[in-house]
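Student: Pasting the sequence and the predicted model now:
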2 protein chains.
Amino acid sequence: MSPTESHPIIAIAGPGLLGGSLAMALKHSHPTAQVRLWARRPEAVAEIEALQLPAKATTSLSEAVTGAHWIILATPVAVMEHLVTQIARQALGENCIVTDVGSVKGDLVHRLEALLEGQGARFIGSHPMAGSEKAGISAARADLFRGANCIITPTPKTSAPDLARVSDFWRALGCRLLTMSPEEHDQKVARISHLPHLMAAVTTLAALRTDPEALSCAGGGFRDSTRVASGDPDLWTGIVRENKDAIAARLRDGLDTLRELLEIVEGMDEGKLRDFLAEAKGLRDRLPTGAPHYGID
Amino acid sequence: MSPTESHPIIAIAGPGLLGGSLAMALKHSHPTAQVRLWARRPEAVAEIEALQLPAKATTSLSEAVTGAHWIILATPVAVMEHLVTQIARQALGENCIVTDVGSVKGDLVHRLEALLEGQGARFIGSHPMAGSEKAGISAARADLFRGANCIITPTPKTSAPDLARVSDFWRALGCRLLTMSPEEHDQKVARISHLPHLMAAVTTLAALRTDPEALSCAGGGFRDSTRVASGDPDLWTGIVRENKDAIAARLRDGLDTLRELLEIVEGMDEGKLRDFLAEAKGLRDRLPTGAPHYGID
């Protein structure tokens, strides 16, 4: 192992739940690393220091990334292009890998990759399916990534050794790795994360808009099935904008499926209702059980 | 306290998750009670005995309810009328209260109440919002009811002392009590339990029907928001049949809300999308946090 691999400098950009949790987790997975946490606002730096996170906090992007071997973008996807433009101008460490934790890949990965081309550093997209409806660094947890699926999205330009390095990085944090193209990622994640998120918002509104008091009767079913509706509206607006077409296609599937169910219920066709519910159960039961992972994706 | 109150005989009909959990919980809340658990099938009696549940198991309804001061129906709602018809013919204990754990009240409560009229026993509907997508007595837990909302549905015929007794019964098991008419119960529960259940099935099907492999990317968001879709199709078909009108009305609200969202996404109106998500978050955030309760309602 080279000295830079055994004592890497790791810069995290964005001091939210994911960036903060990553700083905490790296203390265990990479105990010899020097971890830096970049925040745009001085108040965020003060909060990181008050929380005694195991990372050097700074509002200077240059100070955070100079000499870095790893840079992890943990900001909203909307600002990543601007950030990488600035990062490309800094004196990064040798063989620097820039990766992210964003929920949308697609075109963005190709644009970020192009911004670093010829700079010695390479961009490879990552999406650890971890998070929480609780936003902000105060909700950070060292075990946030443990047991979570993490999707790596190489492109034809990604080298095999770089892909292996990124995979090892997330594996060391306890993630289960999957690899697919940025385009396939966006299709799968529209199904498994973006659709459920938006459906949780629809369910909450359909249940409570015309009678908020019904909430006092809530049990665990409502609690769990609508939990992600508490996510940050700004963050999710950005995600929907970036993955609009795949998400609209899934919402249309949702509309068709809901229409199908309403027709069954209105006609009270018991056989068809049982089949509908059994088909959903059959698909849902294929999800491996095990330690629950309380992510928002 | 009379001897019958200090050493009550409590009969539970139905050896599923709720009936089994109730037998376990009563050992703590009512340590001096004699608990009997009625099961239709001899195999279920053998299972109760193998699990060493703190209850006398029997396939004889007469043996289970003779002399009972409390009878709790923990069967599917579809069989309750038949069961109470048989129970009304037995020699019940003095001042016997018959209650249930069913997810639908409405007409059923009035029919069950009428079946016991003039028999000394009284029916009062209860709905502890506890349960799990795991069915069956092997998933039973002594703490299933702890922290759960429990809705009691008195009618104009219910006496105040009987209502107080039923409330005390569930409160001793750790439930938080709510009281409303059977009709209001069905409206509220259609919103807060039946709709989320059916929407979880819709989300599962819309996400996975045309690409089951997307499941391999699942994170905590999908896991939680579709958990209740693993519920028993037979049980839920019965619930939908009994509360069809209120459920159909909520599904129509769901359809309207989903159409509204799809239009916003297709037009990519960021301001409207943010408002839509913020409205859902505002309603969802009103749910008190605290110990999560993993019920299916």
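Tutor: Nice, I can see it.
Student: burial of the nearest residue to A:Thr158 once chain neighbours are set aside, as a residue count?
Tutor: If the residues on either side of it in the chain are set aside, A:Thr158 comes closest to A:Ile124, at 5.7 Å by CB to CB, 6 or more residues apart in numbering or on different chains. The C-beta positions use only the backbone N, C-alpha and C, and glycine is treated the same way. A:Ile124 has 24 neighbours, counted by other CB atoms under 10 Å in any protein chain shown.
Student: Same check on A:Ala88?
Tutor: The tally of other residues near A:Ala88 (other CB under 10 Å) stands at 19.
Student: Now do the contacts for the residue nearest to A:Thr158.
Tutor: Contact analysis of A:Ile124 by CB atoms under 8 Å, 6 or more residues apart in numbering or on different chains lists A:97-99, A:152-154, A:158, A:162-163, A:166.
Student: excluding its backbone neighbours, what's nearest A:Asp107?
Tutor: Nearest residue to A:Asp107 in three dimensions, chain neighbours excluded: A:Pro182, at 7.8 Å (CB to CB, 6+ apart).
Student: er, A:Met129 I mean
Tutor: B:Gly219 (3.0 Å).
Student: For the residue in the stretch 51-200 of chain A that chain B sits nearest to, grab the count of nearby residues.
Tutor: Closest contact between the stretch 51-200 of chain A and chain B, by CB to the nearest CB, is at A:Met129 (3.0 Å). Neighbour count of A:Met129, defined by other CB under 10 Å: 28.
Student: That one touches A:Ile152, doesn't it?
Tutor: No: using CB atoms under 8 Å, A:Met129 is not in contact with A:Ile152; the gap is 12.0 Å.
Student: Restrict stretch A:276-287 to CA atoms and write it as PDB.
Tutor: Only the C-alpha atoms of stretch A:276-287 are listed here, as PDB (Å, rounded to 0.1, in the frame of the first residue of the first chain):
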ATOM      1  CA  PHE A 276     -54.200  -7.800  -6.800                       C
ATOM      2  CA  LEU A 277     -53.100  -7.900  -3.200                       C
ATOM      3  CA  ALA A 278     -51.400 -11.300  -3.600                       C
ATOM      4  CA  GLU A 279     -49.400 -10.100  -6.600                       C
ATOM      5  CA  ALA A 280     -48.200  -7.100  -4.600                       C
ATOM      6  CA  LYS A 281     -47.400  -9.300  -1.600                       C
ATOM      7  CA  GLY A 282     -45.500 -11.700  -3.800                       C
ATOM      8  CA  LEU A 283     -43.300  -8.900  -5.100                       C
ATOM      9  CA  ARG A 284     -42.800  -7.300  -1.800                       C
ATOM     10  CA  ASP A 285     -41.900 -10.600   0.000                       C
ATOM     11  CA  ARG A 286     -39.000 -11.000  -2.400                       C
ATOM     12  CA  LEU A 287     -37.200  -8.200  -0.500                       C
END
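Student: which of the residues in it are buried?
Tutor: Within stretch A:276-287, the residues scored as buried using 16 or more other CB atoms under 10 Å in any protein chain shown are A:276-281, A:283-284, A:287.
Student: and of these, the nearest to A:Gln34?
Tutor: Lowest distance from A:Gln34 to the buried residues of stretch A:276-287 (CB to CB) belongs to A:Leu287, with 38.6 Å.
Student: now the residue sitting furthest away from the middle of chain A: how far from B:Ala200?
Tutor: Largest separation from the mean C-alpha position in chain A: A:Gly267, at 41.4 Å (CA atoms, centre = their mean). Computed as CB to CB, to the nearest Å, the A:Gly267 to B:Ala200 distance reads 22 Å.
Student: circling back: ok, the residue nearest to A:Met129 - how many residues close by?
Tutor: 27.
Student: Also A:Gly174?
Tutor: Using other CB under 10 Å, A:Gly174 is surrounded by 18 other residues.
Student: what does A:Asp143 give?
Tutor: For A:Asp143, the neighbour count with other CB under 10 Å is 16.
Student: Likewise for A:Asp168?
Tutor: 11.
Student: could you say which helix or strand contains it?
Tutor: According to DSSP states H and E, A:Asp168 maps onto helix A:160-172.
Student: quick revisit: just among the contacts of A:Ile124, which is most surrounded?
Tutor: Among the contacts of A:Ile124, the one with the most neighbours (other CB under 10 Å) is A:Val98, at 28 neighbours.
Student: now for the host helix or strand of that residue, which elements pack on it?
Tutor: Using DSSP H and E, the secondary-structure element containing A:Val98 is strand A:97-100. Secondary-structure packing of strand A:97-100 (3 or more CB pairs under 8 Å, 6 or more residues apart in numbering or on different chains; DSSP states H and E): strand A:70-73, helix A:80-87, helix A:106-116, strand A:122-123, strand A:125-128, helix A:160-172.
Student: partners of it, with directions?
Tutor: strand A:70-73 (parallel), strand A:122-123 (parallel) (DSSP bridges).
Student: which outside residues touch the shortest one?
Tutor: Outside of strand A:122-123, the residues that reach it under the criterion CB under 8 Å, 6+ apart are A:84, A:96-99, A:109, A:112-113, A:115-116, A:158-159, A:162.
Student: Serialize those to a markdown table and add fields for pLDDT.
Tutor: Listed next are the contacts of strand A:122-123 as a markdown table, based on pLDDT from 0 to 100:
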| residue | pLDDT |
| --- | --- |
| A:Val84 | 98 |
| A:Cys96 | 97 |
| A:Ile97 | 98 |
| A:Val98 | 98 |
| A:Thr99 | 98 |
| A:Val109 | 96 |
| A:Leu112 | 97 |
| A:Glu113 | 97 |
| A:Leu115 | 97 |
| A:Leu116 | 96 |
| A:Thr158 | 97 |
| A:Ser159 | 97 |
| A:Asp162 | 97 |
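Student: For the stretch 51-200 of chain A, list the residues in contact with chain B, please.
Tutor: With CB under 8 Å from any CB of the partner chain as the criterion, the stretch 51-200 of chain A meets chain B at residues A:129-132, A:148-149, A:151, A:178, A:187-189, A:191-193, A:195-200.
Student: got the contacts of A:Ile124 as JSON lines, with distance to B:Leu208 columns?
Tutor: Converted to JSON lines, the contacts of A:Ile124 look like this (distance: CB to CB, whole Å):
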{"residue": "A:Ile97", "distance to B:Leu208": "33"}
{"residue": "A:Val98", "distance to B:Leu208": "33"}
{"residue": "A:Thr99", "distance to B:Leu208": "28"}
{"residue": "A:Ile152", "distance to B:Leu208": "22"}
{"residue": "A:Thr153", "distance to B:Leu208": "21"}
{"residue": "A:Pro154", "distance to B:Leu208": "25"}
{"residue": "A:Thr158", "distance to B:Leu208": "29"}
{"residue": "A:Asp162", "distance to B:Leu208": "32"}
{"residue": "A:Leu163", "distance to B:Leu208": "28"}
{"residue": "A:Val166", "distance to B:Leu208": "28"}
